[in-house]
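> Give the three-dimensional model of this entry:
(chains A and B)
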Amino acid sequence: MKMTLTVNGARHAIDVDPSTPLLWVLRDALGLTGAKYGCGKALCGSCTVDLDGNVVRSCVTPVSAVVYGRVTTIEGLSADGSHPLQRAWVEEDVSQCGYCQTGQIMAAAALLARNPEPSDAEIDAALSGNLCRCGTYLRIRRAIRRAVAEGGARR
Amino acid sequence: MSQSQMNRRQFLTVSAAAGGGMVIAITVPFDAATLLAAEPAETFAPNVYVTIGTDGAVTIMAKNPEIGQGVKTALPMIVAEELEVDWEDVRVEQADLDLRFGPQYAGGSTGVTTNWDALRRAGATAREMLITAAAAAWGADRTACFARSGAVHHRPSGRSLPYRDLVDAAARLPVPEDVPLKDPGAFRIVGTPRRNVDAERIVTGSERFGCDVKVPGMRHAVIEKSPVFGARVRRFDDARARAVPGVLDVIEIPPMDNPTHRVSGVAVVADSTWAAMRGREALVVEWEEGPHKNESSQGLREQFDRLTRERGKVLRDDGDVDAAIAAAERALEAVYEVPFLAHAPMEPMNCVADVRADRCEIWGPMQTPGRARGLAAAITGLSPEKIAVHMMRAGGGFGRRLMADNAAEAVTLSRAVGAPVQVVWTREDDLRHDYYRPAGFHRVRAGLDAEGNIVAWHVHTATASRYRFAGSDEPPESTEVFPDAFPAGFVPNFRLAYSPADTGVPTGAWRGPGKNANTFVDECFLDEIAHAARADPVALRLRLLGAPREMPYRDHGGPTYHTGRLKRVIELAAEKSGWGSALPARRGRGIAALFMFGAYVAEVAEVTVEEGGALRVDRVVAVVDCGTVVNPLGARAQIEGGILHGLSATLHGEVTIAGGGAVPGNFDAYPLLRITEAPPIEIHLVESTAHPQGLGEMTLPAIAPALGNAIFAATGKRIRRLPIRPEDLRG
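The predicted model follows:
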């Protein structure tokens, strides 16, 4: 089925089965591989993207459900890695294997967009849907606090 | 050994060892002589690790697979240190599989410790050649010249030449055999915190993992496998699968002789991942279920229980355990139990292969690229030098990717369809077709004398041996039990026995093999003994260890270990955690320590257990002596990561078996630790100039016993079975 998708501010004409999860359209059709497959059931958050300011798990979101919205992926969070969360992630050396981190950052970005000064408990709650197997959670917390302290929330 | 000399026979040798050996490697001599010179052109490349361009660009190759353990940063740091360049000026590039690098794998926490000397020599060789070139250019006495920050300096005159101006001349010099190494006191990179070299690409989503690889004309495939371990395809109906739009082919994959190489399945090949997944759902496969279809967790537990009541294969028998326990003032007995665990790396297995008539190329997440090449050679009949292997940054490994079954599948399919193929595993495939951490029972007995001294210790372990599963020539007890591990050698009457269980459940190396189970048993039982003897658990360990001395250790990390270093981490952990100070009701501290793979670790966990059974880990204190620390930032990440990974297993990890297969299919049934459960971790690295050790695995095993012992201190409830269940804590 032919449809048009708005991703990172650009319009894309695609022709896919409308039940296809957004994740596979991003990765296979659009070549945007920043969002990762981790579970296919919205249980791990590796595929997290932003839809009109809301966190969505793209692995369970049919592409047909997002044609009227604006999708932002990690590739669209900033053009050059300059988003305060991306900077903070580098400063705090959060990443180990790095696989889940794009999803973690997208979840954190959505948190700060709606809650510029989250408490520790709010940070934990907002990120509790994003699994990390390497164990970077302590540095994820620090990076979010750093981004908040450095004005990331006002972006 | 040249690449072309790596023949099929050698691969098979390697493969047997790789059935779970902690050193999975193609054995090539690994010294300065193998750091072959590359051709000089626009660059100076004295060995395979270092290239300096006439533009001054310094490239250092990262030889080993990066799976989150930080070697892509740490290993090039070692080269850069001796090369005398500023880290900011270095570009790190991931090497492909290339025998000139020597062993290339991620396993046994060996990356730093086994490459330290060779990488230092690689950097120093280049540095010395650049100094020689500068001295010649100046007509100066070579000993008056030194290198620093990418330039050679002449001390008397203050002149200097940047490396880029020396590249041409240095490239024409013979490569020296013996080069001086820096005094560790002069290190400027090693020992300083350096961030992950791929950090920027990771946070922008531009880093390419195995699953992100795209090759022109690439097809996508998923593979249906039997829910029963060891089953084979009897027949299948692919009519509906082939009718799914985008599905291009359906191909049966035969099992290879060794179940760690490739298992039976039916692959759906399509023009997109989603079409392949849809096609698979429409597939109807009938399985020849084989001998394991009735296996269950309960059946295995009964088998473990029965086996540990028998004598078993006695691997160590000091004194007379039976007589000593019979004569003891007090005897203790307990059974500890651990479950199967899945690796569950965040990136499920995947691989891209492009097989042509005369060559083969492989891209994927892997811990043993040599094994991927060996399997590809066996499947295609191509000679190894025709097979290129690209190690992509892997989304975790933890031992899962020691197996190269993902590569075997991709190669098989690419060969069958005559096009590049990417195999993708779903999470269900990952959790149900893993090579699990062996489950097992550990029956332990001890005898105490009137003063509370341990006069006898007897442990009989029965597990689903991974060496037995892989059909290895190694004995089944390898890495399941360790006859020289503490407290062996400190108790006069000591017996260690082992029995392998009869099971079809696939097992393999899981972060901290063997230690991830035994440390829980030994360190909790020691705590039981301490409480029975009314001794402080820290004091009991220190008294048992006695005077600082070397003890034999005939396993990975040996041939000896030093009790003084083990005591030191225990003492420091006690000091840093406020051991012995009062805590509120229902709060407790527990300690555990171990020597593993050359490093010494002690951890103290502090927990609160509410009346209703709710458990909170308030803090963890970790003290680690891993010798010289190359990258403190990476070291801390590994320590935190090991502890949180161990905590995940302690609180949640269990793969149950029913109907001959694994039950959990996704993270709802196999939960992993979430950020809400991550306690603060305080890390103390012991200052040391000893030979550096790895850190990927050593902090994981101590957290389960530290936690179990803390729970006992808080509640009087003894945890002897993992994972910890809510009912273990209630009341």
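> care to break the chain down by domain?
Using chain A here. A:2-75, A:84-154 (automatic domain parsing).
> not what I meant, chain B
In terms of domains, chain B is parsed into B:31-192, B:217-290+B:344-432, B:310-341+B:435-729 (source: automatic domain parsing).
> coming back round to it: residue B:238: which of the domains of chain A is closest?
Of all these, domain A:2-75 sits nearest to residue B:238, with 19.2 Å by Cβ to Cβ. From N, CA and C alone the C-beta is placed, and that goes for glycine too.
> one step back: switch the domains of chain B over to CSV; also include mean pLDDT.
Below are those laid out as CSV (pLDDT from 0 to 100):
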stretch, mean pLDDT
domain B:31-192, 92
domain B:217-290+B:344-432, 98
domain B:310-341+B:435-729, 97
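> what would those domains look like in JSON lines with distance to chain A and mean neighbour count?
Formatted as JSON lines, the domains of chain B follow (distance: least, Cβ to the nearest Cβ, whole Å; neighbours: other Cβ atoms under 10 Å in any protein chain shown):
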{"stretch": "domain B:31-192", "distance to chain A": "3", "mean neighbour count": "20"}
{"stretch": "domain B:217-290+B:344-432", "distance to chain A": "3", "mean neighbour count": "22"}
{"stretch": "domain B:310-341+B:435-729", "distance to chain A": "3", "mean neighbour count": "21"}
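> Just say which of the domains of chain A is most tucked in.
Mean neighbour count (mean count of other Cβ atoms under 10 Å in any protein chain shown) peaks for domain A:84-154 among these, with a mean of 22.
> avg pLDDT for that domain?
Here domain A:84-154 scores 95 as its mean pLDDT.
> I'd like the distance from that domain to the chain centre, please.
In terms of Cα atoms, centre = their mean, to the nearest Å, the centre of domain A:84-154 is set 11 Å apart from its chain centre.
> and the gap between residue B:642 and residue B:730?
29 Å (Cβ to Cβ, to the nearest Å).
> Packing partners of the lengthiest helix in chain B?
If you go by DSSP state H, chain B has its longest helix at helix B:111-138. Packed against helix B:111-138 by the contact rule (3 or more Cβ pairs under 8 Å, 6 or more residues apart in numbering or on different chains; DSSP states H and E) you find strand B:43-47, strand B:50-53, helix B:71-83, strand B:145-148, strand B:151-154, strand B:160-162, helix B:167-171.
> again, only this time at 7 Å
On a contact count with 3 or more Cβ pairs under 7 Å, 6 or more residues apart in numbering or on different chains; DSSP states H and E, helix B:111-138 meets strand B:43-47, strand B:50-53, helix B:71-83, strand B:145-148, strand B:151-154, helix B:167-171.
> thinking again about what came up before, Throw the domains of chain A into TSV and include distance to chain B, thanks.
Shown next, in TSV, are the domains of chain A (distance: least, Cβ to the nearest Cβ, whole Å):
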stretch	distance to chain B
domain A:2-75	2
domain A:84-154	3
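> mind giving me a markdown table with those and columns for distance to residue B:468?
Below are the domains of chain A laid out as a markdown table (distance: least, Cβ to Cβ, whole Å):
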| stretch | distance to residue B:468 |
| --- | --- |
| domain A:2-75 | 32 |
| domain A:84-154 | 27 |
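> For residue B:428, which of those is the nearest?
Counting by Cβ to Cβ, residue B:428 lies closest to domain A:2-75 out of the domains of chain A; the figure is 8.1 Å.
> how long is that closest one from one end to the other?
Terminal residues of domain A:2-75 are spaced 24 Å apart (Cα to Cα, to the nearest Å).
> With stretch A:62-71 instead?
This stretch, stretch A:62-71, spans 13 Å end to end (Cα to Cα).
> how far does that stretch sit from the chain's center?
In terms of Cα atoms, centre = their mean, the centre of stretch A:62-71 is set 15 Å apart from its chain centre.
> Give me the contacts around it.
By Cβ atoms under 7 Å, 6 or more residues apart in numbering or on different chains, the residues outside stretch A:62-71 that reach it are A:3-7, A:16, A:18-22, A:25, A:49, A:51-52.
> quick one: residue B:65 from residue B:217, how far?
Residue B:65 sits 26 Å away from residue B:217, going by Cβ to Cβ.
> one step back: next, the angle helix B:71-83 makes with the longest helix of chain B.
Counting by axes from the mean of the first three to the mean of the last three Cα atoms, to 10 degrees, helix B:111-138 lies at 30 degrees to helix B:71-83.
> ok, the closest residue to chain A within chain B - contacts?
Residue of chain B nearest chain A, by Cβ to the nearest Cβ: residue B:205 (2.2 Å). Residues in contact with residue B:205 (Cβ under 7 Å, 6+ apart) are A:34, A:73, A:74, A:75, A:102.
> One more pass at 8 Å, please.
Applying Cβ atoms under 8 Å, 6 or more residues apart in numbering or on different chains to residue B:205 gives the contacts A:32, A:33, A:34, A:35, A:73, A:74, A:75, A:102.
> was I right about the first one contacting residue A:5?
No - taking contact to mean Cβ atoms under 8 Å, the distance of 10.8 Å between residue A:32 and residue A:5 leaves them out of contact.
> Output the contacting helices and strands for the helix or strand that contains residue B:518.
Per DSSP states H and E: residue B:518 is located in helix B:515-532. For helix B:515-532, the elements it packs on are strand B:330-338, strand B:440-448, strand B:454-463, helix B:537-545, strand B:587-596, helix B:703-715, judged by 3+ Cβ pairs under 8 Å, 6+ apart.
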